[in-house]
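In: Pasting a predicted model and its sequence here:
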Amino acid sequence: MGLFSFFTKDKKENLDKGLEKTREGIFTKITKAIAGKSKIDDEFLDELEGILISSDVGVTTTLKIIKRIEARVAIDKFVTTSDLNKLLKEEIVSLLNENSVEVTNTYEDLKNIKPYVIMVVGVNGVGKTTTIGKLANMFMKNGKSVVIGAADTFRAAAVDQLKVWSERSGATFISHGMNTDPASVAFDAVKKAVEINADVVLIDTAGRLHNKINLMNELTKIKRVMSKGIDAAPHEVMLVIDGSTGQNAFEQAKQFTAATELTSLAVTKLDGTAKGGVVIGISDELKIPVKYIGVGEKVEDLQVFNREAFVSALLGL
């Protein structure tokens, strides 16, 4: 079994609890909409469309789901909420599987690439620094050595917070302090990882809202400098977004996609929102795989994204 490929009972319970607000919004509304109906008709499909959009699935993705439901209903008969939820789950998971770039959640790349370098991007306030700390803890608990590079040198809190996380997890911490060159920090973190034969490097970056050109230039410089220490570094560029902001998170993802080549997403703060459907829309429309989701404050509440388990939790299955 690969690293992080397992999905334990505790993780399922945490996921169910973390998505409770979104599930209440979707499941309760669907139950009311289908009550007393003997078939799925146009009126119900219109209501279902509104339910999915209000959960921030997004208009484009919602319309795809509705079309799939219509096609299935033309063949099969679904008259109960339970039947409908199972149908919804099948079609949403199928959509995500078809339209998302495949992601190796088991991190098999770690066997072939050492150190494996992940550059983490995102605006301030989305939980980027906390996500890095939780990732470091996850890797360390699974027997992988980690180096953290504090390349967000414009915010003292980010540097201090990462230092605390590194001490907590046992990761090696690289920092040049405030107002220093972020690319230099990233290079030294990569260099240190090579020296100590570390498995993973996690690079934090500034969370300021730049214009597109400045953002692109800064991230490009960091990537270029890191590649001097390790060929092809970074191996992954992960965007962290706040799921509780709904469509704003989607817009942030589009902005960063325009500024740099993203390879994965981490969606945080899903436990405090009824807008968890945004995960489905972003994964489908932007073709960037969601790799992690945050469903609580605790370290173990950062989970590897499992599409089928996620949709099941949304629909109360």
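Out: Noted; the coordinates are in hand.
In: now the strands for this structure?
Out: Counting by DSSP state E, the segments of the chain that form strands are 116-121, 146-150, 172-174, 200-204, 236-242, 264-268, 290-294, 302-304.
In: Output those in CSV, with distance to Leu88 appended to each entry.
Out: C-beta here means a position set from N, CA and C on the backbone, and glycine is covered the same way. Converted to CSV, these look like this (distance: least, CB to CB, whole Å):
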stretch, distance to Leu88
strand 116-121, 33
strand 146-150, 39
strand 172-174, 45
strand 200-204, 36
strand 236-242, 24
strand 264-268, 20
strand 290-294, 19
strand 302-304, 22
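In: Generate TSV for the ones you listed, with mean neighbour count, mean pLDDT and distance to Lys192 as supplementary columns.
Out: Shown next, in TSV, are the strands of the chain (neighbours: other CB atoms under 10 Å; pLDDT from 0 to 100; distance: least, CB to CB, whole Å):
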stretch	mean neighbour count	mean pLDDT	distance to Lys192
strand 116-121	25	94	12
strand 146-150	29	96	5
strand 172-174	20	97	6
strand 200-204	29	96	8
strand 236-242	24	92	19
strand 264-268	25	91	23
strand 290-294	23	89	24
strand 302-304	22	88	24
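In: Figure out which of those is closest to Thr257.
Out: Of all the strands of the chain, it is strand 236-242 that lies closest to Thr257, at 8.1 Å by CB to CB.
In: so what secondary structure elements neighbour the closest one?
Out: On a contact count with 3 or more CB pairs under 8 Å, 6 or more residues apart in numbering; DSSP states H and E, strand 236-242 meets strand 116-121, helix 247-259, strand 264-268.
In: so which of the ones you listed comes closest to Met140?
Out: strand 116-121 (13.9 Å).
In: Touching that closest one from outside, list them.
Out: Defining contact as CB atoms under 8 Å, 6 or more residues apart in numbering, one finds that strand 116-121 is touched by 107, 109-110, 128, 131-132, 135, 186, 190, 193, 199-205, 219, 222-223, 226, 230, 233-240, 256, 260, 262, 266.
In: Now do that strand against strand 146-150, angle only.
Out: 30 degrees (axes from the mean of the first three to the mean of the last three CA atoms, to 10 degrees).
In: Who does the residue nearest the centre of the chain form a beta bridge with?
Out: Ranked by distance to the mean C-alpha position of the chain (CA atoms, centre = their mean), the top residue is Ala266 at 2.2 Å. Following DSSP bridges, Ala266 is listed with bridge partners Val240, Tyr292.
In: got a list of what it touches?
Out: Neighbours of Ala266 in contact, by CB under 8 Å, 6+ apart: Val120, Thr131, Met238, Leu239, Val240, Ile241, Val290, Lys291, Tyr292, Ile293, Gly294, Leu302.
In: hmm, 7 Å instead?
Out: For Ala266, the contact set (CB atoms under 7 Å, 6 or more residues apart in numbering) comprises Thr131, Met238, Val240, Lys291, Tyr292.
In: What of Gly25?
Out: Contacts of Gly25 (CB under 7 Å, 6+ apart): Ser55, Ala274.
In: What's the separation between it and Met238?
Out: Counting by CB to CB, to the nearest Å, the separation of Gly25 from Met238 is 28 Å.
In: now do Glu24
Out: Relative to Met238, and taking CB to CB, Glu24 is found at 30 Å.
In: Gly170 now?
Out: Using CB to CB, Gly170 is found at 21 Å from Met238.
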